[in-house]
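task: produce atomic coordinates for the following.
(one chain, ligands or ions: 1)
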Amino acid sequence: MTTKWWQSGVIYQVYPRSFYDNDGDGVGDLNGIAAKLPYLEALGVDAIWISPIFPSPMADFGYDVSNYTGVDPIFGTLDDFRALLAGAHGRGIRVILDYVPNHSSSEHPWFIESRSSRVNDKRDWYIWRDPAPDGGPPNNWRSVFGGSAWTLDPATGQYYYHAFLNEQPDLNWRKPAVREAMFDALRFWLDLGVDGFRIDVIWHLMKDQELRNNPPNQEPRRAKSPYYELLPIYSCDQPEIHELIAAMRALADGYDGDRVLIGEIYLPIDKLITYYGPEGEGIHLPYNFQLIRLPWEARTIAAAVDAYEALLPDFAWPNWVLGNHDKPRIASRAGAAQARVAAMLLITLRGTPTIYYGDELGMRDVPIPPELEQDPFGKNVPGRGLGRDPVRTPMQWSNAAHAGFTTATPWLPVADDYRTFNVESEESDPASMLTLLRRLLALRREQPALHAGAYSSVAASGDVVAYVRKDESSLFLIVLNLGPAPAVFDLPSRELHGRIVLSTFLDRDGEAVNDALSLRGDEGVIVRLG
Ligand code: NOJ
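The predicted structure is shown next:
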């Protein structure tokens, strides 16, 4: 099978504030990313997705955009971006930007105009409504970041809608002029040569035209955040979204070079797959967050992989994500030993994997003292552990001061354990997590069965997950022990014959396997069969 780069390739997410600070102000920047391209090339990734770099008041660290076609000075200049793009392309690394279409910053000139008067041309570029009869908000919709999703603008006496912060007013995508202006922004970056977009909260773009109240959520399990005390069935995932996405896709397809669209979508998989479009004319990769959301438990994970594989239509290419800038890191969720097993799973499942920066080192969530807290989510909804700063701490480059991330005080504190977990030490350690990731990525790239082959699950029990990947010429068996106790895996239907090509412990290369396979606790192996 011939695959496109975004199918066979591996994506690496860079959170630019935290990757590498080149200009010594404590915040990462574009020149910092450019300086680390050799590292990314050696790691073996095919593309980087960079979280937003556009001009922004930084109320939500770049997810509040005040100009869709520029670069924020904290990150550098447009020329710096051009240089980064050229440098990345020169090393065979594609660049994916983070497009934030659901909302702009309240300081975007469009919103400033929109709020200036009820009769302004841009009034309906955003979602304005009269107060309810009691003077309160127009409906019960909540902000993901706490409180009502409506803020009253006293000057004009109406409320505006914001799914996130009140500094992030939602754009009105039902208005053709908004669509045109926002599509122009896509064209701007595509013309410059970017390889695609990760599209922020794409399932939020269309809201119920009548703005009906969201019903209460009967499942208290989901209500860790007050937002989920209601089910957001009218404020997101509306049927009209699919026509809009198809138009974005047509725009991207009008360019050469297989530009990719990736949608950030937190929905159950039966809904998620509708974002591919009925015949594949939707998003190339609707992000599949099951490995982030589910408990790290063998039977749950195995069942989730199989359910997703079974549900995907033929034209739909799968994808897997273990972590991102919004969710706890895998090494904290599953523990250091299991983070290695998880990496083997991520890289050997069928579909495009996305690696979150630092996860290749085993970086953990870093507790942030309240006085250093930055994230508006954590500040708005205190005491529930929802703040995202712990997963956004500086990349650990070396055991120098501030982990070699900056010469200044970093914008968030560096992990205490950075002297153990950092690029420099792990590069020279043949048993490190970084060495494991490099080996996994090299193997995946070199073996078509692993980047393009078919998947089928293999029966396993207890803490063990097993599956095969195969193409015409080779067959790989992947066996993962998601528990701490040793396990023996018998391949039931066929004689198990082969050689281990990789263990998560990095010490069993070439070992012959006959009939039964013994695994240590927290060990995963890839066996080449035949
Ligand atoms: C999802 C992004 O990943 C998150 O970081 C951001 O706060 C919200 N969307 C709002 O843009």
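
can you pull the contacts of residue 481?
If you count contacts by Cβ atoms under 8 Å, 6 or more residues apart in numbering, residue 481 has them with 341, 463-464, 487, 519-524. Any C-beta I mention is one placed from the backbone N, CA and C, and that applies to glycine too.

export these as CSV, with columns for secondary structure, neighbour count and distance to the ligand.
Shown next, in CSV, are the contacts of residue 481 (DSSP: H, G, I helix; E, B strand; the rest coil; neighbours: other Cβ atoms under 10 Å; distance: Cβ to the nearest ligand atom, whole Å):
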residue, secondary structure, neighbour count, distance to the ligand
341, helix, 26, 26
463, coil, 19, 32
464, strand, 22, 33
487, strand, 21, 36
519, strand, 24, 36
520, coil, 18, 36
521, coil, 14, 34
522, coil, 23, 30
523, coil, 21, 33
524, strand, 27, 29
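
how much space is there between the residue of the chain found nearest the ligand and residue 325?
Closest residue of the chain to the ligand, Cβ to the nearest ligand atom: residue 63 (3.3 Å). Applying Cβ to Cβ, to the nearest Å, the value for residue 63 to residue 325 is 10 Å.

quick check on the residue nearest the centre of the chain: phi, psi?
Within the chain, one residue has its C-alpha closest to the average C-alpha position: by Cα atoms, centre = their mean, that is residue 324, at 4.6 Å. Dihedral pair for residue 324: phi -160, psi -180, per degrees, to the nearest 10.

spell out which parts of the stretch 51-200 of the chain neighbour the ligand.
Contact residues (Cβ under 6 Å from any ligand atom) of the stretch 51-200 of the chain with the ligand: 60, 63, 100, 164, 200.

I meant to write the stretch 251-400 of the chain there.
Residues of the stretch 251-400 of the chain lying close to the ligand (Cβ under 6 Å from any ligand atom) are 264, 325-326.

which stretches of the stretch 351-500 of the chain have low pLDDT?
492-495 (pLDDT under 70).

which residues of it fall in helices?
376-380, 423-427, 433-446, 448-451 (DSSP state H, counting those that start in this stretch).

residues making contact with the helix ranked longest in the chain?
Counting residues, the longest helix in the chain under DSSP state H turns out to be helix 176-192. Contacts to helix 176-192, defined as Cβ under 8 Å, 6+ apart, come from residues 68-69, 81-82, 85, 97, 99, 101, 110, 125, 171-173, 197, 244, 247-248, 251-252, 255, 259.

go on, stretch 54-61?
So stretch 54-61 is contacted by 17, 51-52, 62-74, 100, 105, 107, 164-165, 167-168, 374-376, 392 (Cβ under 8 Å, 6+ apart).

find the nearest non-adjacent residue to residue 150, please.
Spatial nearest neighbour of residue 150, chain neighbours left out: residue 137 (3.6 Å); criterion: Cβ to Cβ, 6 or more residues apart in numbering.

actually residue 50, not the one I wrote
Among residues not flanking residue 50 along the chain, residue 14 sits closest, at 4.9 Å (Cβ to Cβ, 6+ apart).

list the residues that contact the residue of the chain closest to the ligand.
By Cβ under 8 Å, 6+ apart, the neighbours of residue 63 are 51-52, 56, 100, 164, 168, 200.

redo these as CSV? Include secondary structure.
Formatted as CSV, those follow (DSSP: H, G, I helix; E, B strand; the rest coil):
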residue, secondary structure
51, coil
52, coil
56, coil
100, coil
164, coil
168, coil
200, coil
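
quick one: which of those is most hemmed in?
Taking other Cβ atoms under 10 Å as the neighbour criterion, residue 100 ranks highest of the contacts of residue 63 with 28 neighbours.

tell me where the stretch 151-300 of the chain is predicted with low confidence.
For the stretch 151-300 of the chain (pLDDT under 70), the answer is 220-223.

in it, what residue spans correspond to helices?
176-192, 241-253, 269-272, 290-293, 298-311.

which parts of the third one are buried?
Right, helix 269-272. 269, 272 (16 or more other Cβ atoms under 10 Å).

again with the last one
For helix 298-311, the buried set under the neighbour-count rule, 16+ other Cβ under 10 Å, comprises 298, 301-302, 304-305, 308-309.

stretch 38-53 too?
Buried, per 16+ other Cβ under 10 Å, within stretch 38-53: 40, 43-53.

out of the residues you listed, which are inside strands?
The strands, defined by DSSP state E, take in 47-50 from these.

with distance to residue 425 added, can I get the residues you listed in TSV?
Listed next are those as TSV, based on distance: Cβ to Cβ, whole Å:
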residue	distance to residue 425
47	27
48	23
49	27
50	26
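
which of these lies closest to residue 442?
When these are compared for distance to residue 442 (Cβ to Cβ), residue 47 wins out at 16.5 Å.

the closest one touches residue 198, doesn't it?
No - counting by Cβ atoms under 8 Å, residue 47 does not reach residue 198; the two are 10.3 Å apart.

what do those two both touch?
Shared contacts of residue 47 and residue 198, counting by Cβ under 8 Å, 6+ apart, come down to residue 96.

give me the three-state assignment for residue 31.
Assignment for residue 31 (three-state DSSP): helix.

the closest residue to it other than its chain neighbours: what's it in contact with?
Leaving aside its chain neighbours, residue 31 sits nearest to residue 22 (3.9 Å; criterion: Cβ to Cβ, 6+ apart). Shown in contact with residue 22 (Cβ under 8 Å, 6+ apart): 28-29, 31-32, 34-35.

likewise for residue 512?
498-499.

phi and psi next, for it.
Dihedral angles for residue 512 - degrees, to the nearest 10 - are phi -80, psi 140.

on that earlier part again, out of the residues of the stretch 251-400 of the chain next to the ligand, which is most surrounded?
residue 264 (22 neighbours).

pretty sure it contacts residue 198?
Yes - here residue 264 reaches residue 198: they are 6.5 Å apart, a contact under Cβ under 8 Å.

overlap in contacts of the two?
residue 287.

quick one, domains of this structure?
5-102+176-440, 109-161, 454-529 (automatic domain parsing).

right, and those domains - which one's nearest residue 448?
domain 454-529 (5.1 Å).

the closest one: end-to-end distance?
Length of domain 454-529, first residue to last, Cα to Cα, to the nearest Å: 15 Å.

quick thing: my sequence starts at 160, can you match it?
Understood, numbering begins at 160; the last thing we discussed is domain 613-688.

now the end-to-end length of stretch 481-497.
12 Å.

buried residues, that stretch. List them.
Buried, per 16+ other Cβ under 10 Å, within stretch 481-497: 481-494, 496-497.

list of residues touching stretch 566-584?
176-177, 180, 183-186, 198, 520-523, 525, 527, 531, 533, 548, 551-558, 560-564, 591-593.

whichever of the residues you listed end up buried, select them in PyMOL.
Selection of buried members from the contacts of stretch 566-584 for PyMOL, criterion 16+ other Cβ under 10 Å:
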select buried, resi 176+177+180+185+186+520+521+522+523+525+527+533+548+551+552+553+554+555+556+557+561+562+563+564+591+592+593
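
contacting residues around the nearest residue to residue 299 once chain neighbours are set aside?
Using Cβ to Cβ, 6+ apart and skipping the chain neighbours, the partner closest in space to residue 299 is residue 372 (4.6 Å). Counting by Cβ under 8 Å, 6+ apart, residue 372 makes contact with 298-300, 393.

most surrounded residue in the residues you listed?
Of the contacts of residue 372, with other Cβ under 10 Å as the count, residue 300 tops at 24 neighbours.
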